[in-house]
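Asker: Curious how this folds, go ahead:
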Amino acid sequence: MSAVSGIWKGVLTMNNMRSSRHSNSWWRMVWQTLVLGGFLLTALAVVAQHTAISALLPSGYHSEEALTWCGAASGQMVVAGYPTSPCTVAQADVAASIQAHKVESNWDTDPAGLLAAIRACPVSAGHSWVIFQQTDPAALMWSAAYWMTKNQYPIAVLLGTTAHNSYTPHQEHWVVITAIVTDLDPMTNKTVNLQFVQFVDPSPPNLGDPWLVRYVSGTAWLTGIPPDIPPVMTAVTKTPSTYKGRFVAIIEPPSSTGRAVAAGRLLLTGTIIPKAQAQRLALDSVKRLKLADIAAFREFAGAKPLEPLLVNAQRGGYYLIPFAVDQKLPTLAVIVNAYNGEFQEAGHFAPRSFLAKSAALEHARVALRLQQPLPGDVKAELVSPPDTGTLYAPEWRIVTGNRTLQVGQRGTVREVPLQAQPQ
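Answerer: Numbering: from 1, shown residues only. As a prediction, the model looks like this:
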């Protein structure tokens, strides 16, 4: 079979996606109309010049129903994604099982608790789940790609143990991987290039991060731009924890080992490319990677790029290019490196607008209790928020006199202490 012919690795029938009890109408619409299957592998043939390996699975989208339930929501999606024997379970029941079985009390969802909750649902004979932990992220991703290719099951993976929503004491971030794309088949190759990872983040817009599905490059997933922008997947930093320094996923027990490596690193500094070039490269990436052929990103077929937003201009810069259909609010975005335009990822999120500079200045004026508007030449730039590090909700950093304010996408304003300001 040739690389350009492609193969379907997804399951295209998921007609009964279930909504959670506390989801809004937009989420219900998404769950009813989107499927995670249907990834045509020709999407990557042009990039890899090899037959890409994908493991896409049917699984209903579920947002977390509480600020600390990303683990419970992920477990709920995993068990619903068993192709042979899907398991329907309420998220509250998954959360209760996690609490009943967790071993490390300083986690909201520790790996042992999530493992027990997933194991509570039966799977096909001969299959089981284990906590797979590695100090080498490339080893973890090879095993994930191997078992997803073999079994066609989604997997829960820990992105890291730092805050990821408005409740900062919540220090772990569980998601569900639904696709892994490599240049070679991990079932027959011990070393492969990790090209793309698609995953569902259960944090809904009203509770945390603004994306629903992310499709990231292998480089962004494994390496990021150290030390300024960490990889998407990071090691456990909790203390105490038996998993400290390890990368964690819930998968089948691996019978062999290998490595899924990232090619190259993202640029950290350089000359900023023009906005028009970033917009053109974002559109080229959508076409070149055939993102509209992926079920979760079908809206790209009729979407047009809006004005790019330059974030972290001084260091670790990237362009966030929103996409919208028929002049509606954006529901998609492409992120490219600000120095060479390299594709880093695409995201699909709830309809939303991005705060304009003029609006950010007005929020700052109100916070400072000034009678006159701030002048347009006041220094204002978009930066990644320091607490969650999300790429999709950059904040405006406004410097006026000896004061620095940070204005969030929802208009929240906080003052940055002098010792925390960039030099």
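Asker: What residues of the host helix or strand of residue 195 count as buried?
Answerer: In this assignment (DSSP states H and E), residue 195 forms part of strand 191-200. Residues of strand 191-200 classed as buried: 192, 193, 194, 195, 196, 197, 198, 199, 200 (neighbour count, 16 or more other Cβ atoms under 10 Å). For the C-beta atoms, the positions are set from N, CA and C on the backbone; glycine is no exception.
Asker: Run a quick neighbour tally on the nearest residue in space to the third one that is not next to it in sequence.
Answerer: Right, the one you point to is residue 194. Ranked by Cβ to Cβ, 6 or more residues apart in numbering and with sequence neighbours excluded, the top spatial neighbour of residue 194 is residue 218, at 3.4 Å. Per other Cβ atoms under 10 Å, the neighbour tally for residue 218 reads 25.
Asker: correct me, but residue 218 touches residue 198?
Answerer: No: if you go by Cβ atoms under 8 Å, residue 218 and residue 198 don't touch, sitting 11.6 Å apart.
Asker: Could you break this protein into its assigned domains?
Answerer: Taking automatic domain parsing as the domain assignment, the ranges for the chain are 25-261, 275-349, 357-420.
Asker: closest to residue 268 out of the ones you listed?
Answerer: In this view, the domains of the chain are compared for proximity to residue 268 by Cβ to Cβ, and domain 25-261 is the closest at 4.8 Å.
Asker: any idea where the strands of the stretch 251-400 of the chain begin and end?
Answerer: 259-261, 303-305, 309-311, 318-325, 332-337, 343-349, 379-383, 395-400 (DSSP state E, counting those that start in this stretch).
Asker: Just say which of the ones you listed is most tucked in.
Answerer: For the strands of the stretch 251-400 of the chain, the largest average neighbour count (mean count of other Cβ atoms under 10 Å) is found in strand 332-337, namely a mean of 26.
Asker: so where is the protein shaky, pLDDT-wise?
Answerer: 1-60, 124-125, 204-211, 386-389, 418-423 (pLDDT under 70).
Asker: Can you classify the spatially most central residue of it as helix, strand or coil?
Answerer: Closest to where the C-alpha atoms of the chain average out (Cα atoms, centre = their mean) is residue 214, at 4.2 Å. Following DSSP: H, G, I helix; E, B strand; the rest coil, residue 214 is assigned to strand.
Asker: pretty sure it contacts residue 344?
Answerer: No: assessed by Cβ under 8 Å, residue 214 is found out of contact with residue 344, at 10.4 Å.
Asker: wait, what's in contact with the residue nearest to residue 194?
Answerer: Going by Cβ atoms under 8 Å, 6 or more residues apart in numbering, residue 218 touches 193, 194, 195, 196, 197, 260, 261, 262, 263.
Asker: What is the nearest of those residues to residue 133?
Answerer: Distance to residue 133 across those (Cβ to Cβ) is lowest for residue 260, with 16.1 Å.
Asker: so what strands line up beside the strand holding residue 195?
Answerer: strand 173-182 (antiparallel), strand 211-217 (antiparallel), strand 259-261 (parallel) (DSSP bridges).
Asker: Need the residues that contact the second one.
Answerer: Read that as strand 211-217. Contacts with strand 211-217, where a contact means Cβ under 8 Å, 6+ apart, come from 30, 61, 179, 195-201, 203, 232, 262, 291, 294, 296-297, 342-350, 392.
Asker: one more time with 7 Å
Answerer: Here strand 211-217 makes contact (Cβ atoms under 7 Å, 6 or more residues apart in numbering) with 30, 61, 196-201, 232, 291, 294, 296-297, 343-350, 392.
Asker: What angle do strand 343-349 and that strand make with each other?
Answerer: Computed by axes from the mean of the first three to the mean of the last three Cα atoms, to 10 degrees, the angle separating strand 211-217 from strand 343-349 equals 170 degrees.
Asker: after strand 211-217, next one along is what?
Answerer: Next element after strand 211-217 (DSSP H and E): helix 218-222.
Asker: circling back to that earlier point, right, so of the strands of the stretch 251-400 of the chain, which gets closest to residue 97?
Answerer: strand 343-349 (29.1 Å).
Asker: neighbours around residue 287, how many?
Answerer: Residues near residue 287, counting by other Cβ under 10 Å: 11.
Asker: check contacts around it.
Answerer: Going by Cβ under 7 Å, 6+ apart, the list of residues near residue 287 is empty.
Asker: For residue 160, which residues are in contact?
Answerer: 173, 233, 234.
Asker: what's the closest non-adjacent residue to the last one?
Answerer: Of all residues not flanking residue 234 in the chain, residue 160 sits nearest, at 3.7 Å (Cβ to Cβ, 6+ apart).
Asker: Name whatever forms a beta bridge with that neighbour.
Answerer: With DSSP bridges applied, residue 160 shows beta-bridge pairing to residue 173.
Asker: Please report the distance of it from residue 267.
Answerer: Here the criterion is Cβ to Cβ, to the nearest Å. By it, residue 160 lies 22 Å from residue 267.
Asker: next one: residue 200
Answerer: Taking Cβ to Cβ, one finds residue 200 at 29 Å from residue 267.
Asker: Many thanks, have a good one.
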